[in-house]
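Chemist: Take a look and give me a structure for this.
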Amino acid sequence: MSFAPDKVLAARERRTGRRTNRQSVGDQGLLVNQIATDVLLWPSSLWRVADLEPMRPLPVHRWVRCRGFTVTEQVPAWLVAGPHGDVVEWVITQT
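Modeler: Model prediction:
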């Protein structure tokens, strides 16, 4: 998987319905976190990755901004809810 600024900007325009500045900002890229429970949006797609192409370090040590990476495995999204996330996912689905 690799970062494509034009695709990100086009998706942002579709989501907001507003045109965006097409100039690329220097700190854009893919964000990769080392800890599943730090993910703020759920449901999410979670993957184990390798071959990170880091751009620059971020102030929060668990996050890496990168240009690309290789997906080695997709893992269940319920992992963001912790060790009993499968039950949490079931309760959310039922409600």
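
Chemist: Would you mind extracting the C-alpha trace of stretch 80-95 into CSV?
Modeler: Taking Å, rounded to 0.1, in the frame of the first residue of the first chain, the C-alpha atoms of stretch 80-95 are listed here in CSV:
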residue,chain,number,x,y,z
VAL,A,80,-9.5,-2.1,19.1
ALA,A,81,-11.8,-2.8,22.0
GLY,A,82,-9.3,-4.8,23.9
PRO,A,83,-9.1,-8.5,25.0
HIS,A,84,-12.9,-8.8,25.1
GLY,A,85,-13.5,-6.8,22.0
ASP,A,86,-15.4,-9.6,20.3
VAL,A,87,-18.1,-9.3,22.9
VAL,A,88,-18.1,-5.5,22.7
GLU,A,89,-18.5,-5.9,18.9
TRP,A,90,-21.5,-8.3,19.4
VAL,A,91,-23.2,-5.8,21.9
ILE,A,92,-22.7,-2.9,19.4
THR,A,93,-24.1,-5.0,16.6
GLN,A,94,-27.1,-6.0,18.6
THR,A,95,-28.0,-2.4,19.6
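
Chemist: what is the mean pLDDT for the host helix or strand of residue 90?
Modeler: Using DSSP states H and E, residue 90 sits in helix 85-94. On average, the pLDDT along helix 85-94 is 88.

Chemist: Sort out which residues of that helix are buried, please.
Modeler: Using 16 or more other C-beta atoms under 10 Å as the burial criterion, the residues of helix 85-94 that qualify are 85, 89. For every residue, glycine as well, the C-beta is placed using N, CA and C.

Chemist: Start the count at 141 instead of 1 going forward.
Modeler: Will do, 141 is the new start, and the previous item becomes helix 225-234.

Chemist: Which strands or helices does that helix pack on?
Modeler: Of the remaining helices and strands, none touches helix 225-234 by 3 or more C-beta pairs under 8 Å, 6 or more residues apart in numbering; DSSP states H and E.
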